[in-house]
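In: below is the sequence, then the predicted model.
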Amino acid sequence: MTANTVAGGRTLQPVTGRGWRLGFANMLANENGKWWGTRRWLLQLAIFVVLTNGLVLIVAASGGRSGQTPTQLFGEAADAFTGVLNVVTCIGVVVMAQGAIIGEKQLGTAAWVMSKPASRAGFVLAKLIAYGLALLVLALLVPTALFAAETYFFWGAAPALAPLLTSLALVALHVAFYLALTLMLGTLFASRGPVAAIGVGLFIGGLILGGSIPVLPYFLPWPLPQLMYGLFLGNSLPESWAMPVIATAVWTVLFIVIALWRFGREEF
């Protein structure tokens, strides 16, 4: 099929695919364009880098006065970086994605898109993939690469490659959990307030209660930030690492399934 030209010189793009893939490529290209076709990615990258990598510079600046060894300073920098990285990414994804679906419903653009040859599942999955890719690059890969460069420059130490990649996988799963949760809540509620309250509340609840409840953390993503920090310092994963990882992955998939099911029954 070839594209047709309409008034104004614009080109109609053919819609391909069947089932959930109907219109998916076009919707994904549109969502990616919102990130990479504007200065949005640059602004978000600047925010993440300043909040996370800026702490390493503060540790380096204070280290000369405190008399700490390079190993101690590296550990302090890793502690600060991993702690803030998990806070800004998880709260950041809730703040950024809370209107991804609700905003479209309120503005009427979701109803307009669904009036075209486009699948509802593709609509949700396009947002999931676009937001996930943007966060992976802007909030995780770039700041972590800069962290390794900073610590090597200041103290001649950097996380080993294998533990570094494993820790990135853990924090990516952590972020995916909150992204899937936020998108699911966006299909269940009509306003952003409950979405933000539940997402941020669950994360803060992990910070406050994660160490005081013996069993619950094994079924939630709360232990993942501590696992990441241990890997940065070269420690091996504890024997209990698999349970929270598997539970987080299961919850993430469940949230996506619920989001697809609920949006598929949305009345427009």
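Out: Thanks, I have the structure now. This structure is a prediction, so every number in the text was calculated from the model and none was measured. Residues are numbered from 1 along each chain as shown.

In: per-residue confidence for Glu209?
Out: Small correction: residue 209 is Leu, not Glu. With respect to pLDDT, Leu209 scores 79.

In: for the stretch 101-250 of the chain, what are the low-confidence residue spans?
Out: For the stretch 101-250 of the chain, the stretches flagged by pLDDT under 70 are 210-211.

In: tell me where it has helices.
Out: All helices of the stretch 101-250 of the chain, identified by DSSP state H, counting those that start in this stretch, fall at 102-107, 109-114, 120-135, 142-155, 161-188, 192-209, 224-232, 242-264.

In: mind checking which of these is nearest Val56?
Out: Closest of those to Val56 is helix 142-155, at 4.5 Å (criterion: CB to CB). (Glycine included, C-beta is placed from N, CA and C.)

In: mind putting the helices of the stretch 101-250 of the chain into CSV with mean neighbour count and distance to Val94?
Out: Below are these laid out as CSV (neighbours: other CB atoms under 10 Å; distance: least, CB to CB, whole Å):
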stretch, mean neighbour count, distance to Val94
helix 102-107, 16, 12
helix 109-114, 15, 20
helix 120-135, 21, 11
helix 142-155, 18, 18
helix 161-188, 21, 5
helix 192-209, 16, 4
helix 224-232, 22, 16
helix 242-264, 17, 13
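
In: those helices: which one's closest to Gly23?
Out: When these are compared by CB to CB, helix 120-135 sits nearest Gly23, at 5.8 Å.

In: and the helices of the stretch 101-250 of the chain: which comes nearest Ile47?
Out: Across the helices of the stretch 101-250 of the chain, closest to Ile47 is helix 142-155 (CB to CB), at 10.4 Å.

In: circling back to that earlier point, would JSON lines of the helices of the stretch 101-250 of the chain with distance to Thr69 be doable?
Out: Output for the helices of the stretch 101-250 of the chain, formatted as JSON lines (distance: least, CB to CB, whole Å):
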{"stretch": "helix 102-107", "distance to Thr69": "50"}
{"stretch": "helix 109-114", "distance to Thr69": "56"}
{"stretch": "helix 120-135", "distance to Thr69": "35"}
{"stretch": "helix 142-155", "distance to Thr69": "9"}
{"stretch": "helix 161-188", "distance to Thr69": "21"}
{"stretch": "helix 192-209", "distance to Thr69": "29"}
{"stretch": "helix 224-232", "distance to Thr69": "17"}
{"stretch": "helix 242-264", "distance to Thr69": "33"}
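
In: closest one to Phe74 among those?
Out: Going by CB to CB, the one of the helices of the stretch 101-250 of the chain nearest Phe74 is helix 142-155, 4.9 Å.

In: what about Gly54, neighbour count?
Out: When neighbours are defined as other CB atoms under 10 Å, Gly54 has 12 of them.

In: that one in helix, strand or coil?
Out: The three-state label given to Gly54 by DSSP: H, G, I helix; E, B strand; the rest coil is helix.

In: and it, what does it touch?
Out: By CB atoms under 8 Å, 6 or more residues apart in numbering, Gly54 lies in contact with nothing.

In: ok, back up a step: so which of the helices of the stretch 101-250 of the chain comes closest to Gly33?
Out: Comparison of the helices of the stretch 101-250 of the chain against Gly33 by CB to CB identifies helix 120-135 as nearest, at 8.9 Å.

In: quick revisit: select, out of the helices of the stretch 101-250 of the chain, the one closest to Arg21.
Out: helix 120-135 (6.4 Å).

In: quick check: the gap between Ala130 and Leu51.
Out: Relative to Leu51, Ala130 is positioned 22 Å away (CB to CB, to the nearest Å).

In: so which of the helices of the stretch 101-250 of the chain is nearest Leu216?
Out: Per CB to CB, nearest to Leu216 of the helices of the stretch 101-250 of the chain: helix 192-209, 7.7 Å.

In: distance between that closest one and the chain's centre?
Out: Here helix 192-209 is found 15 Å from its chain centre; the criterion is CA atoms, centre = their mean, to the nearest Å.

In: so which of the helices of the stretch 101-250 of the chain gets nearest Ala78?
Out: Closest among the helices of the stretch 101-250 of the chain, using CB to CB: helix 224-232, at 4.3 Å.
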